[in-house]
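K.L.:
Provided below for reference: sequence and predicted model.
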Amino acid sequence: MARLINIGFGNVVNSQKIVAVVSPDAAPVKMNGAEHKGESRSLIDATQGRKTKAVIVTSDDYLVLSALQPETIARRFAEIYENEDKGETHE
């Protein structure tokens with residue numbers, strides 16, 4: 001079953017599609033982001049106008065921009081799977 005991770009401001013991402021959560025300051029991320037800017041389908045801005053602090057790369061080749069720190073998103077990701085391993089469900 002797909003689990004959704006809150007990436008800030010009510011925006012969520014399917015946890016099963018996440019390949020990486022990286023800092024937007026890395027040079028390869030900046031270049032890849034520039035390539036995607038012209039393609040409206042592959043770059044999703046979920047920052048609500050705030051500074052981009054994390055870029056989420058998905059298996060479907062989408063880049064999702066988030067205003068949360070990569071560590072925050074990684075912690076939320078880990079919490080979902082820790083709770084799943086314990087047999088807990090959130091409904």
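P.N.:
That came in fine, so what should we check first? Residues are numbered from 1 along each chain as shown.

K.L.:
Any idea which residue is closest to the centre of the protein?
P.N.:
The centroid of the chain falls nearest to I56 when counting by Cα atoms, centre = their mean (3.5 Å).

K.L.:
Please look at it and S66 and confirm they touch.
P.N.:
Yes. When contacts are counted by Cβ atoms under 8 Å, I56 is listed as touching S66 (6.2 Å). No exception for glycine: its C-beta is placed from N, CA and C like everyone else's.

K.L.:
Identify the contacts common to those two.
P.N.:
Common contacts of I56 and S66 (Cβ atoms under 8 Å, 6 or more residues apart in numbering): I7, I73.

K.L.:
I would like the residues contacting the helix or strand where E79 lies, please.
P.N.:
Per DSSP states H and E: E79 is located in helix 70-85. Residues from elsewhere that reach helix 70-85 (Cβ under 8 Å, 6+ apart): 3, 5-7, 15, 18, 21-23, 53-54, 56, 66, 89-90.

K.L.:
Quick check: buried residues in it?
P.N.:
P70, T72, I73, R76, F77, I80 (16 or more other Cβ atoms under 10 Å).

K.L.:
can you put those residues in JSON lines and add pLDDT?
P.N.:
Listed next are the buried residues of helix 70-85 as JSON lines, based on pLDDT from 0 to 100:
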{"residue": "P70", "pLDDT": "96"}
{"residue": "T72", "pLDDT": "97"}
{"residue": "I73", "pLDDT": "96"}
{"residue": "R76", "pLDDT": "93"}
{"residue": "F77", "pLDDT": "90"}
{"residue": "I80", "pLDDT": "84"}
